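K.L.:
Next input, structure requested:
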Amino acid sequence: MAAENGSVPCMNNLSVSYMNGNGTPQNEKAAYEWMQKAADHGYILSFFPLAYKWMWGVGIESNFDHAEYWARRALD
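P.N.:
Numbers count the residues shown, from 1 in each chain. Below you'll find the model as predicted:
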C-alpha cells in the first residue's frame with residue numbers, strides 16, 4: 001500500500017478513510033496513527049485535524065500540550 005511505502009499524502013488519506021470508515025472499518029486509533037505519521041513528515045493538511053484529535057482525545061488520550069503544538073503549526 002502506498003501509505004506503508006512512504007507516500008505522505010496517502011498516509012493522510014488513509015487516516016481519513018479510517019476516521020470515516022470509507023473502504024475500511026472505522027478505527028480512530030489507526031486514523032490517529034496514520035495522521036501522526038503524515039504530520040511528522042510535514043504534511044500541513046494533517047496538522048489541524050491532529051490538533052483536534054489531541055484536544056478531544058479522539059483515538060488517543062487527550063493532551064493539551066500536543067494539541068496546542070499542532071494547532072500552532074497549522075497556523076504558521
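
K.L.:
List the contacts of the residue nearest to Pro9 when sequence neighbours are not counted.
P.N.:
Spatially, and ignoring its direct neighbours in sequence, Pro9 is nearest to Tyr43 (6.8 Å; C-beta to C-beta, 6 or more residues apart in numbering). All C-beta spots, glycine's among them, are computed from the backbone N, C-alpha and C. Each residue near Tyr43 by C-beta atoms under 8 Å, 6 or more residues apart in numbering is listed here: Val8, Pro9, Met11, Asn12.

K.L.:
wait, what's in contact with the third one?
P.N.:
Listed by C-beta under 8 Å, 6+ apart, the contact partners of Met11 are Ala3, Trp34, Met35, Lys37, Ala38, His41, Tyr43, Ser46.

K.L.:
so, if you compare the residues you listed, which one comes nearest to Glu28?
P.N.:
Distances from the contacts of Met11 to Glu28 were compared by C-beta to C-beta; the smallest belongs to Met35, at 10.2 Å.

K.L.:
Run a quick check on that closest one versus Leu50, I expect a contact.
P.N.:
Yes: counting by C-beta atoms under 8 Å, Leu50 is a contact partner of Met35 at 5.1 Å.

K.L.:
Of the contacts of Tyr43, which count as buried by neighbour count?
P.N.:
When the contacts of Tyr43 are checked for burial by 16 or more other C-beta atoms under 10 Å, the buried set is Val8, Met11, Asn12.

K.L.:
now, which of the residues you listed lie within helices?
P.N.:
Cross-referencing the buried ones among the contacts of Tyr43 against helices under DSSP state H gives Val8, Met11, Asn12.

K.L.:
how about Val58, phi and psi?
P.N.:
The phi and psi torsions at Val58 (degrees, to the nearest 10) take the values phi -90, psi 100.

K.L.:
In this structure it contacts Ala30, no?
P.N.:
No: at 11.9 Å, Val58 does not count as touching Ala30 under the criterion of C-beta under 8 Å.
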